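# quick one, structure for this:
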Amino acid sequence: MSLDLRKRLFDQLDSLTLIDPHTHINPHEPAAKSLADILGYHYYAELAHSAGMPKEQIEDPGSTPREKVRVLMENLGPLDNTIQHSWLTEMAQTLLGHEGEITTLNWESVFDAAEREMSHPDWPAEVMAKSKLQAVFLTNDFDDPLEGFNTSIYVPCLRTDDLVFHLAKPEVRERLSNTGVDVVAGTPEQFGTNIRREVERVGKVFRAAGIKEE
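Numbers count the residues shown, from 1 in each chain. Below is the predicted model of the structure:
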């Protein structure tokens, strides 16, 4: 592929407005609060662990965010040829104004910049604007609250894992009962009707967001 063709393809892709079809964002607190929230995600923590870092080093509940980032940065060297490392560099450069690579020598300045920028109340909107994101699809449990956030940006999307795989667990049935679905009384048909009603609760918010269901 020629450099000219590569540039033209990139420019076309870069001009698009995007919708993220799958996220685990909390719509009530959609932004990371520090660099530790990003590096603590499994893309980095599990990669560093697979490259030899003992996971106990970042699972200490007494560790501060700065300490967690220090440990992870010291173990990202073997990952500098991965796309995840490239993502981290691009995020730091595009969103935090960092120049060059992030290293074990300069990561603290990136950490401080992240804390400073992420504390701004308009930070989530700024990230979405720079990322050219129009909306993100959430991953909602059946009993998640669906009020108190902009559902045209943070679009509810039901994750059925607990209903499909874990309905036999007492804690799941108790959560389901708290939504008004009786998991004991009635016939299987009535139970199915109640489950459909709960699914429709999410679907109603989904449709109100103006997203076309397929």
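
# which stretches of the protein form helices?
With DSSP state H, the ranges of helices along the chain come out as 3-14, 35-39, 42-50, 65-74, 83-96, 107-118, 123-131, 161-165, 170-178, 188-208.

# and the fifth one, what does it pack against?
Helix 83-96 sits against helix 35-39, helix 42-50, helix 107-118, helix 123-131, with contacts defined as 3 or more CB pairs under 8 Å, 6 or more residues apart in numbering; DSSP states H and E. Heads up, the C-betas are built off the backbone N, CA and C, glycines and all.

# TSV for those helices, including distance to Pro27?
Converted to TSV, those look like this (distance: least, CB to CB, whole Å):
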stretch	distance to Pro27
helix 35-39	16
helix 42-50	21
helix 107-118	17
helix 123-131	10
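
# Arg201 is nearest to which of those?
Smallest distance to Arg201 across those (CB to CB): 25.2 Å, for helix 123-131.

# what comes into contact with that closest one?
Defining contact as CB atoms under 8 Å, 6 or more residues apart in numbering, one finds that helix 123-131 is touched by Leu18, Pro30, Ala31, Thr94, Leu95, Glu117, His120, Leu133, Gln134, Ile153.

# how's the chain carved up into domains?
15-30+123-214, 34-118 (automatic domain parsing).

# and Asp182, what does it touch?
With CB under 8 Å, 6+ apart, Asp182 has these contacts: Gln190, Phe191, Asn194.

# list the contacts for the second one?
Taking CB under 8 Å, 6+ apart as the criterion, Phe191 is in contact with Val181, Asp182, Val183.
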